[in-house]
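Enquirer: Quick one: sequence plus predicted model below, questions after.
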Amino acid sequence: MFLSRVHRHVEEGVVKTTALALGLNRSVSVAVALLAMGWTSLMAQTPSTPESRHRVMTIYAASRSPRPHHMPNYGGITFLGRDRSNDGGVVRANTLMAPEEARQAFDQAMQAMSRRGGPNLKKAAKKLDKALEIYPEFAAAWNLRGTVHAAKAQSEKARTAFRTSIRHDPEAVSGHWSLALLEIREKNWREAAFSTTRLLEIEPTDPAVRFYHGLVCYYRGYWSAAQLHLAQVVDGPHSEAFPLGRFFLANSLAEQGQFQQASHQFQQFLARADHRVLSRDLRRRIQSRLSEWTEQGLLSSR
């Protein structure tokens, strides 16, 4: 089957990058990794939008892709630090309620994670444990603690920390993002759907949220839902930042027997995607599939 062959190549890293436009503040470049199946990430800097006040504080990825000099990759961990807020420069009320000593410990943990020579996970964990001992409801600290656990491949501990962060600040998107990315990385599609659905409720116009939700719908076999969300991404103003959106949209259409529309999206993907997301082998396989559709009379001669 075409998809099983292609997905094997995706898992092997043939699709090198997933560029995600997040509508961040103008001064911020962000790395968002599609952690499922070992995919890597491409940094994207995009204009500010009214809907983008709440964003991810920390994002981690196994990545070999190019990145801006101010977004270094340390030991396979891409770490984005903001101010004491964890949501796009907006200081959350939960953070403002933290005692000064807890905020200082949190800041020291941030510094340990963004150290030039590589993240000091041990120091970061120690400082975060101190912050949480002082202020157990510190949502941003719980989220960063989960990131440290994830960096150590401690998935269950990371999951618990992210859920605790969400419990203490349900409207902050960072915890939902972190949990969604963790579940996607581990192919827990049903659990990932809960997080991406919640993100859609908080930020319905965010193209990155819609891309991830469409991706999750696709892997759950909800083709029409995947088509709906991915079509909004590829038809939107930031479509070029989501090259894989067209690939998954094409496959969603094909699964529903809409071969003409699927062919169009595949052709768009072939024309627009660069070598970081489109290998020669993947291009050959897509072209072969389109030829098969033509031979089978599934495509019109127009």
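Expert: Right, received. Where do you want to start?
Enquirer: what about the stretch 1-150 of the chain, any weak spots by pLDDT?
Expert: Within the stretch 1-150 of the chain, the stretches with pLDDT under 70 are 1-90.
Enquirer: mind listing the strands for the chain?
Expert: For the chain, the strands defined by DSSP state E cover 17-19, 40-42, 73-74, 77-78.
Enquirer: where does the stretch 201-302 of the chain dip in pLDDT?
Expert: 301-302.
Enquirer: Show me the helices in it, by range?
Expert: Under the criterion DSSP state H, counting those that start in this stretch, the stretch 201-302 of the chain contains helices at 207-219, 223-234, 243-255, 259-272, 280-295.
Enquirer: Surely A102 and L128 touch.
Expert: No: applying C-beta atoms under 8 Å, one finds A102 not in contact with L128, separated by 9.9 Å. All C-beta atoms are positioned from the backbone trio N, CA, C, and that covers glycine.
Enquirer: Report the set of residues contacting both of those two.
Expert: A141 (C-beta atoms under 8 Å, 6 or more residues apart in numbering).
Enquirer: out of these two, which sits in the busier spot?
Expert: L128 (29 against 22; other C-beta atoms under 10 Å).
Enquirer: mind listing what the more buried one touches?
Expert: Contacts of L128 (C-beta under 8 Å, 6+ apart): A105, F106, A109, A141, L144, R145, V148.
Enquirer: With N251 as the reference, measure out to the second one.
Expert: Using C-beta to C-beta, to the nearest Å, one gets 42 Å for the distance from F106 to N251.
Enquirer: Between the two, tell me which one has more neighbours.
Expert: Neighbour count, other C-beta under 10 Å: between F106 and N251, F106 has more, with 27 against 23.
Enquirer: So what's the residue count around the nearest residue to the more buried one once chain neighbours are set aside?
Expert: Spatial nearest neighbour of F106, excluding adjacent residues (C-beta to C-beta, 6 or more residues apart in numbering): A131 at 4.6 Å. By the criterion of other C-beta under 10 Å, A131 has 27 neighbours.
Enquirer: try A151
Expert: 21.
Enquirer: From L144, how far out is it?
Expert: Between A151 and L144 the distance is 11 Å, computed by C-beta to C-beta.
Enquirer: cool, D169 as well?
Expert: Counting by C-beta to C-beta, the gap from D169 to L144 is 13 Å.
Enquirer: okay, the two: which has more neighbours?
Expert: Remark: of D169 and L144, L144 carries more neighbours, 30 against 22, as counted by other C-beta under 10 Å.
Enquirer: Please tell me how far that one sits from S195.
Expert: With C-beta to C-beta as the criterion, L144 and S195 are 18 Å apart.
Enquirer: before we move on, what about L215?
Expert: 12 Å.
Enquirer: Now the phi/psi pair for G221, please.
Expert: phi 80, psi 20 (degrees, to the nearest 10).
Enquirer: Tell me how many other residues surround it.
Expert: 11.
Enquirer: cool, and E133?
Expert: With other C-beta under 10 Å as criterion, E133 counts 11.
Enquirer: can you offset everything so residue one is 49?
Expert: Happy to do that; since the first residue is 49 now, the last one works out to E181.
Enquirer: Tell me, how many residues neighbour Y183?
Expert: When neighbours are counted by other C-beta under 10 Å, Y183 comes out with 21.
Enquirer: That one contacts A153, doesn't it?
Expert: No: the criterion here is C-beta under 8 Å, and Y183 misses it with A153 at 9.1 Å.
Enquirer: any common contacting residues for these two?
Expert: What both Y183 and A153 touch, as defined by C-beta under 8 Å, 6+ apart, is the set A189.
Enquirer: between the contacts of L176, which is nearest S287?
Expert: Nearest to S287 among the contacts of L176: L192, at 32.2 Å, using C-beta to C-beta.
Enquirer: so the closest one makes contact with A157?
Expert: Yes: the criterion here is C-beta under 8 Å, and L192 meets it with A157 at 6.0 Å.
Enquirer: Now render the helices of the stretch 249-350 of the chain as CSV, adding distance to F210.
Expert: Conversion of the helices of the stretch 249-350 of the chain to CSV gives the following (distance: least, C-beta to C-beta, whole Å):
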stretch, distance to F210
helix 255-267, 15
helix 271-282, 23
helix 291-303, 24
helix 307-320, 32
helix 328-343, 33
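Enquirer: Tell me which of the ones you listed lies nearest to S226.
Expert: Comparing these under C-beta to C-beta, the one sitting nearest is helix 255-267, at 12.3 Å.
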